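S.K.: got a predicted model here, sequence first, then my questions.
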Amino acid sequence: MRAWFLCGVGAVLSLAAGCVVVDDDDPDKDGGEAGDSSTGGRDSSGGMENETTGGREAAGGTDGGSTGGREDRGGQGNEGGEANDNTGGTPDDNAGGEAGAGSEPTPGPVDCTDAETLPERIEEDTGIGPGCVRVDRTIVIDQAKLTIAPGTTLKFAPAGYLDLERAALSALGTEQEPIVFTSESDSPLAGDWQCVYLDRQSTDVEIRHGIFEYGGEGCDANGARDEGLLIIDGAARAVTNSVFRHSLTNGVRLLREGNVRTFENNRFEQNQVAPLRVAAPQILALGTGLDFEGSEPILVDTTYQIDQTGTWRAQSVPFHIVGKLNIGGDAEITLEAGTRIELDGNSVEVYNANLISAGTAEAPVVFTSAFASPGPGDWGCVTIGSTTGTPRFDHTIFEYAGNGQGCTGSNFEGALNVPSSAIIRDSTFREIDGFAIQGRDCDPEWCDNQFEAVKSGPLSCDLPEVATACPLP
């Protein structure tokens, strides 16, 4: 394994001073000179052609207007001023809360005056830290593993990134010694650097007790300029107990293949687009203990359907569905009590699958509008066809639906389209621009739910678009 000397200025170069001293496989390097770490097998000077350091055209973009009319969800009022004036990537005062929410203690001051720069390519197992290291644009490749020691600060150059392609990453910080990914600027701002990117062939990735801050510019690592401090497009063992803050765009982005086995106890602060942006298949990967500052929603990309069985866990912020959400592949999805789903015009379609909405009186499941000033017909419906189980809706609120967009091929105007086997209990339908419930055959118990300001009536049975009065005979 190759590693770098990373010691504070003035430290004695010894293990007692906290320096990392390991063998370097380069036979031309003088391994006895502890002070000559700058020649440690570096093929290049680390300098990068930074043609992307110019504009921030990706500052607010979310792939084709994916904010979906959420004019109330735009920039946060604190996007300009940063709460901390530290230059070493240390947390704000508000990051010192509960460790279970991903908060980290303030690291001690880090002197990065003589920090080494990582090479442009890392092709063998490499360890760095503790201490300070500079990152320009580094690719870890060819099954190499990058191990980052607790207490390491990675300072990113403008438009810099760390790209793992067919590689592994072990970044296991501790509560007392987190690993910090931050800007090299003395006056850091959101978007100073780009991202840490894990491609879909990356393996053995684990991040614990990390702090990611002041990045989030559209990332050049994969050519798509995806946006986020941490972008995951491959399998990862864990991302836990970490803080993501002051991003120009998203805090974390989980792409289609971004399957994280354990994603929990993370905190999101002052990210200018969304704390989390998640491809629909990865919604089920979101775990417990996620802590969000503010009320900005989790953005859900719907290019791909959910096709795995599991629990959609409630979070303290809503889920904003961008486009039509499809659930299929014989999956059975259970919406946890307290889940809030906001739609910006389209529908949720369950086909060859099943949906269970497990709300409670204290924590109902809510399907609602994503708009700042909601009104009837803001979105389509929830529709279930060719079900593989028994659809069930307990303590579920449907509001502001009924525009028909994406509501089966016939664009039925209603809130819920279900088979007669569906169980609907203790639920509320209000401000609906159409019918509340539609079905070929209606269950008389459906009338026992609450209906408020439903334009066309509670039920439409037997024939579409024909009102059926409650109670049923």
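M.R.: Cool, got the structure. Residues are numbered from 1 along each chain as shown.
S.K.: dead centre of the chain: give me the residue that sits there.
M.R.: In the chain, the C-alpha nearest the mean C-alpha coordinate belongs to Leu276, at 3.0 Å (CA atoms, centre = their mean).
S.K.: and the closest residue to that one other than its chain neighbours, backbone torsions?
M.R.: Of all residues not flanking Leu276 in the chain, Ile298 sits nearest, at 4.5 Å (CB to CB, 6 or more residues apart in numbering). Heads up, the C-betas are built off the backbone N, CA and C, glycines and all. Here the main-chain torsion angles of Ile298 (degrees, to the nearest 10) amount to phi -80, psi 120.
S.K.: can you get me a residue count around Ile298?
M.R.: 23 (other CB atoms under 10 Å).
S.K.: just grab the bridge partners of it for me.
M.R.: Here Ile298 sits in beta bridges with Phe319, going by DSSP bridges.
S.K.: residue contacts, it?
M.R.: By CB atoms under 8 Å, 6 or more residues apart in numbering, the residues touching Ile298 are 274-278, 286, 315, 317-320.
S.K.: poorly predicted segments of this protein, please.
M.R.: For the chain, applying pLDDT under 70 flags the ranges 1-111, 462-466, 473.
S.K.: can you list the neighbours in contact with the strand or helix carrying the residue nearest to the centre of the chain?
M.R.: Following DSSP states H and E, one finds Leu276 within strand 274-279. The contact list for strand 274-279 (CB under 8 Å, 6+ apart) reads 62, 227-228, 244, 249-256, 258, 268, 285-286, 290, 292, 296-301, 303-304, 317, 320.
S.K.: mark which of the residues you listed are buried, thanks.
M.R.: Burial by neighbour count, 16 or more other CB atoms under 10 Å: within these this picks out 62, 227-228, 244, 249-255, 258, 268, 285-286, 290, 292, 296-301, 317, 320.
S.K.: my guess is Asn266 contacts Val239. True?
M.R.: Yes: when contacts are counted by CB atoms under 8 Å, Asn266 is listed as touching Val239 (6.7 Å).
S.K.: distance of the nearest residue to Ala361 once chain neighbours are set aside from Thr174?
M.R.: Nearest residue to Ala361, sequence neighbours excluded (CB to CB, 6+ apart): His395, at 5.7 Å. Here His395 is placed at a distance of 41 Å from Thr174 (CB to CB, to the nearest Å).
S.K.: name the residue in those two with the higher neighbour count.
M.R.: His395 (19 against 14).
S.K.: spit out the contact partners of that one.
M.R.: 337, 359-361, 363-365, 425-427.
S.K.: and those residues as a markdown table, adding neighbour count, distance to Glu123 and secondary structure?
M.R.: Formatted as a markdown table, these follow (neighbours: other CB atoms under 10 Å; distance: CB to CB, whole Å; DSSP: H, G, I helix; E, B strand; the rest coil):
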| residue | neighbour count | distance to Glu123 | secondary structure |
| --- | --- | --- | --- |
| Ala337 | 19 | 49 | coil |
| Gly359 | 23 | 52 | coil |
| Thr360 | 13 | 53 | coil |
| Ala361 | 9 | 58 | coil |
| Ala363 | 15 | 51 | coil |
| Pro364 | 19 | 53 | coil |
| Val365 | 25 | 49 | strand |
| Arg425 | 14 | 60 | strand |
| Asp426 | 15 | 60 | coil |
| Ser427 | 24 | 58 | coil |
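S.K.: all set now, cheers.
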